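Novice: No letters, just coordinates:
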């Protein structure tokens, strides 16, 4: 049986990491587990090892750090890239064709109704099966975060079939979007549109998409410096907002 990557407690810092201290005006307290999020290699690798427990994951996201394993049987890798990609909640690009699709009623959208289905599909849709960073250990870790109320999903349905979605981590007024998938054209874009609308309605201030891609760029993702991102993260986390309505 392959060992899980979260079985490593000790963290290893890459030899070529730039040990830059975090600026005092960023406003984030020191991490319990990690080096400063500014002390990375040029490609944003911070350290290797550690655990995928809720305590480690929450500490990571509160400091702009996220896990992105390289191989299933290796220790987990933690990242803090510079620049950082975000989508401004008032800056999403929605094409006229996509607007028509949304208005058509072709899809139905829900929140937190099938988190397990969304994260599994994010790792298996298209050509991702056996070729994704969403290892079994990662799936288990984020499902645990969902059960604790920290991870949330947006589901897109066609009739009773799950055809698209996205998920991520909410901390205060910051949301870190992790991945998305689609089985039908535009279903992942519909999920993103609804996510942005929902975050804005709930009072969020920051939507992190980690790294710029052509897909996210086409919908309005932009890059900001890591320092700017960390300052905005520190401010957003202070907001008394939540992803779901209180029961």
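Specialist: Looks like it came in fine. Computed from a predicted model, the values in this text were never measured in an experiment. Residues are numbered from 1 along each chain as shown.

Novice: Isn't residue 196 up against residue 87?
Specialist: Yes: the pair residue 196 and residue 87 qualifies as a contact (Cβ atoms under 8 Å) at a distance of 6.6 Å. All C-beta spots, glycine's among them, are computed from the backbone N, C-alpha and C.

Novice: Give me the common contacts of those two.
Specialist: Common neighbours of residue 196 and residue 87, counting by Cβ atoms under 8 Å, 6 or more residues apart in numbering, are residue 207.

Novice: which residues of this structure score low on pLDDT?
Specialist: Low-confidence segments of the chain, defined by pLDDT under 70: 1-9, 70-73, 126-132, 245-247.

Novice: What segments of it are strands?
Specialist: Assigned strands in the chain, in chain order: 11-12, 45-49, 66-67, 77-79, 84-86, 108-111, 151-158, 161-171, 174-182, 206-210, 222-224 (criterion: DSSP state E).

Novice: helices and strands around the fourth one, which ones?
Specialist: Going back to what we said before, that points to strand 77-79. On a contact count with 3 or more Cβ pairs under 8 Å, 6 or more residues apart in numbering; DSSP states H and E, strand 77-79 meets strand 45-49, strand 66-67.

Novice: strands paired with that strand, and their directions?
Specialist: Paired strands of strand 77-79, with direction, are strand 45-49 (antiparallel), strand 66-67 (antiparallel) (DSSP bridges).

Novice: Could you save these as JSON lines and add columns showing distance to residue 239 and mean neighbour count?
Specialist: Formatted as JSON lines, the strands paired with strand 77-79 follow (distance: least, Cβ to Cβ, whole Å; neighbours: other Cβ atoms under 10 Å):
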{"stretch": "strand 45-49", "distance to residue 239": "26", "mean neighbour count": "21"}
{"stretch": "strand 66-67", "distance to residue 239": "20", "mean neighbour count": "22"}
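
Novice: Give me the residues contacting the longest helix along the chain.
Specialist: Counting by DSSP state H, the longest helix found in the chain is helix 187-202. Outside helix 187-202, the residues that touch it by Cβ under 8 Å, 6+ apart are 87, 89-90, 92, 94, 98, 101-102, 107, 109, 111, 154-156, 158, 163-166, 168, 175, 177, 180-182, 207, 219, 241-243.

Novice: So for that helix, what gets flagged as buried?
Specialist: Neighbour-count burial for helix 187-202 flags 187-196, 198-199, 202 (criterion: 16 or more other Cβ atoms under 10 Å).

Novice: mind listing what residue 228 touches?
Specialist: residue 84.

Novice: typo on my end, it should be residue 178
Specialist: Going by Cβ under 8 Å, 6+ apart, residue 178 touches 66, 122, 142, 166-169.

Novice: Recalculate using a threshold of 10 Å.
Specialist: Residue 178 is in contact with 66-68, 118-119, 122, 133-134, 138, 142, 151, 153, 166-169, 208-210, counting by Cβ atoms under 10 Å, 6 or more residues apart in numbering.
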